[in-house]
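> got a structure for you, letters missing:
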């Protein structure tokens, strides 16, 4: 089980990704420890994120707001390719649990990145 070592502080920007996805900027480092003391992911101050990119058709089931911190950490691991994709997704699932996302939604969100995240992971670094 992991833990967030910092609070999420962010601000909405005027940017939009994919036409309608809101883009947020982190106002402080967001730190997630997923294992031992050195097993951390840091989404740095100034990092741009859309948190959890949930297609509009699934908003009724997947409340992306609850997992915002997990989404920012996952964006960081994918964009920077900090580790293999399966590990990025495992950390996302752990972080969702630590955000309090209930098990059915957590599984659905994890499954979505496993099934649909390959292209995002393979895409240009630092691009959305």
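Structure received. Since the structure is predicted, the reported quantities are computational estimates derived from the model, not experimental observations.
> nearest residue to residue 87 other than its sequence neighbours?
Spatial nearest neighbour of residue 87, chain neighbours left out: residue 77 (7.8 Å); criterion: C-beta to C-beta, 6 or more residues apart in numbering. For glycine as for every other residue, the C-beta is placed from the backbone atoms N, C-alpha and C.
> Run a quick check on the one you found versus residue 90, I expect a contact.
No. The pair residue 77 and residue 90 does not pass the contact test of C-beta atoms under 8 Å, sitting 10.0 Å apart.
> higher neighbour count, the two?
residue 77 (22 against 15; other C-beta atoms under 10 Å).
> in the helix or strand hosting the residue nearest to residue 87, what counts as buried?
Assigned by DSSP states H and E, residue 77 belongs to helix 68-80. For helix 68-80, a neighbour-count test (16 or more other C-beta atoms under 10 Å) marks 68, 69, 70, 71, 72, 73, 74, 75, 76, 77, 78, 79 as buried.
> can you pull out the helices in the chain?
All helices of the chain, identified by DSSP state H, fall at 68-80, 85-99, 103-116, 118-122.
> Report the contact partners of the closest residue to residue 40 other than its chain neighbours.
Spatial nearest neighbour of residue 40, chain neighbours left out: residue 33 (5.0 Å); criterion: C-beta to C-beta, 6+ apart. Going by C-beta atoms under 8 Å, 6 or more residues apart in numbering, residue 33 touches 2, 3, 4, 5, 39, 40.
> can you pull the pLDDT of residue 33?
Residue 33 is assigned a pLDDT of 97 by the prediction.
> got it, and residue 114?
91.
> Now do the nearest residue to it once chain neighbours are set aside against residue 27, distance only.
Counting by C-beta to C-beta, 6+ apart, residue 114 lies nearest to residue 89, which is 5.6 Å off, once chain neighbours are set aside. According to C-beta to C-beta, to the nearest Å, residue 89 and residue 27 sit 27 Å apart.
> And stretch 38-47, what's buried?
Quick answer for stretch 38-47 (16+ other C-beta under 10 Å): 41, 42, 43, 47.
> Many thanks, have a good one.
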